[in-house]
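Peer 1: Attaching a predicted model along with its sequence, questions to come.
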Amino acid sequence: MHVSALKLSHFRNFEQAEFAFDPDKTVILADNARGKSNLLEALYFLALGKSGRGAKDRDVLRWGADFFVIEAQIDREDNAFPIRIAYDPRVGKKQASLDKIPLPRLSDLIGAFNAVLFSPEDVDLVLREPSQRRRILDILVSQSNASYLSDLEIYQRVLSQRNRLLKDRGQTLLSDPDQIVPWNLQLAELGSRIIRCRLDALDAMQPHLANYYQGIAPTEEQLEAIYRSPVSGDTRDQGQDILVEALSQRLAQEVELKYTLTGPHRDNLVFLLDGKEAHQFASRGQLKSVLLSWKLAEASFLEYRTDRRPVLLMDDIFSELDRRRAESVLHLMETFGQVILTSARDSDLDFSSQGYDRIEL
């Protein structure tokens with residue numbers, strides 16, 4: 001799978017722009033603030049239907065514009081098709097089409113074009129914030145499992161309703177806990193499926209994650225990712241019962257705090273370097289290597305699950321990496337499908353000898 005062409009209208013700093021990409025390797029060279037990151041954000045938009053940087057739709061709309069449009073031509077082994085996403089704040093929602101057919105829901109776009117995005121701003125945001133670590137795991141699994149995304153959406157609705165019940169009825173739930181039992185059962189059923197999918201994904205990711213870190217880092221440090229939850233890898237078959245029991249036991253505390261304390265929305269993905277939590281002890285260079293390893297492992301996972309190579313979108317991956325690590329990353333990316341990366345114009349890396357097509361902004 002690769003993206004061959006991209007057209008932008010009023011997206012970020014681009015008023016009107018068109019780009020063509022090599023099916024294998026492209027490097028985007030530009031000075032700061034020229035739109036390198038925005039270009040990769042637009043490409044990743046096609047995979048998620050929203051900004052991979054967490055920006056609201058209005059925030060990516062070019063200043064003074066009434067709408068934005070992202071259009072691309074996607075080439076897969078079995079067929080080729082266009083993707084189009086348009087946003088008009090006067091309409092209030094985005095509209096997407098796949099192969100020129102309008103999609104009834106934006107989520108129907110997920111899985112048509114798979115991509116993996118590394119962004120340097122994620123190093124702190126993702127690795128230091130539990131909610132963001134859960135988010136990168138959810139994005140990964142959603143691209144390979146349509147039912148997972150559906151479960152997530154329904155889970156969030158049920159969770160919101162249960163939290164509302166905790167706020168509105170408060171102490172009456174302690175004297176009559178049967179009121180909340182139906183919500184517990186729904187949350188536990190959905191939550192156990194979500195957690196199982198996360199655990200299964202991590203099981204598949206683990207060897208890739210360790211191997212890529214060894215390929216990038218110049219030390220013998222061992223990297224692993226663990227999932228902290230009332231439901232473990234060994235008890236995933238009993239996940240629903242475990243969550244029902246945990247929700248029942250913590251009701252008094254939840255009534256006091258007015259929100260739900262148990263479920264996949266509270267679980268934690270943790271990266272360990274030699275057994276120590278990376279987000280607490282690692283240097284910024286180590287954290288960047290951890291996230292790069294995770295992103296490469298994401299690509300391997302998606303290829304295994306979908307039988308298609310995702311597009312690697314690598315934004316400013318070489319800053320804060322010494323030359324040895326930078327060259328190691330370039331070497332590792334040789335084994336993937338299409339790679340589109342950005343770099344400063346004065347980079348001392350020889351992209352031409354590596355076979356990269358060049359786009360200069």
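Peer 2: That came through fine.
Peer 1: all helices for the stretch 51-200 of the chain, in order.
Peer 2: Using DSSP state H, counting those that start in this stretch, the helices of the stretch 51-200 of the chain run over 57-60, 122-128, 130-144, 146-169, 172-175, 181-216.
Peer 1: TSV for those, including mean pLDDT and distance to residue 289?
Peer 2: (Each C-beta comes from the backbone N, C-alpha and C, glycine too.) Listed next are the helices of the stretch 51-200 of the chain as TSV, based on pLDDT from 0 to 100; distance: least, CB to CB, whole Å:
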stretch	mean pLDDT	distance to residue 289
helix 57-60	91	29
helix 122-128	75	10
helix 130-144	91	16
helix 146-169	95	28
helix 172-175	92	47
helix 181-216	95	5
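Peer 1: closest to residue 75 out of those helices?
Peer 2: With respect to residue 75, and counting by CB to CB, the nearest of the helices of the stretch 51-200 of the chain is helix 130-144 at 18.0 Å.
Peer 1: tell me which residues of that closest one are tucked away?
Peer 2: 132-144 (16 or more other CB atoms under 10 Å).
Peer 1: ok, of the residues you listed, which one's closest to residue 337?
Peer 2: Distance ranking of these against residue 337, using CB to CB, places residue 143 first at 14.3 Å.
Peer 1: Next, the contact list for the closest one, please.
Peer 2: Shown in contact with residue 143 (CB atoms under 8 Å, 6 or more residues apart in numbering): 47, 110-111, 114, 302, 306, 310.
Peer 1: Could you let me know which of those ends up closest to residue 159?
Peer 2: Looking across those and measuring by CB to CB, the closest to residue 159 is residue 110, at 20.6 Å.
Peer 1: Kindly state the beta-bridge partners for residue 18.
Peer 2: Under DSSP bridges, the beta-bridge partners of residue 18 are residue 7.
Peer 1: Isn't it up against residue 9?
Peer 2: No. Counting by CB atoms under 8 Å, residue 18 does not reach residue 9; the two are 9.9 Å apart.
Peer 1: Compare those two (neighbour count), which wins?
Peer 2: residue 9 (17 against 11; other CB atoms under 10 Å).
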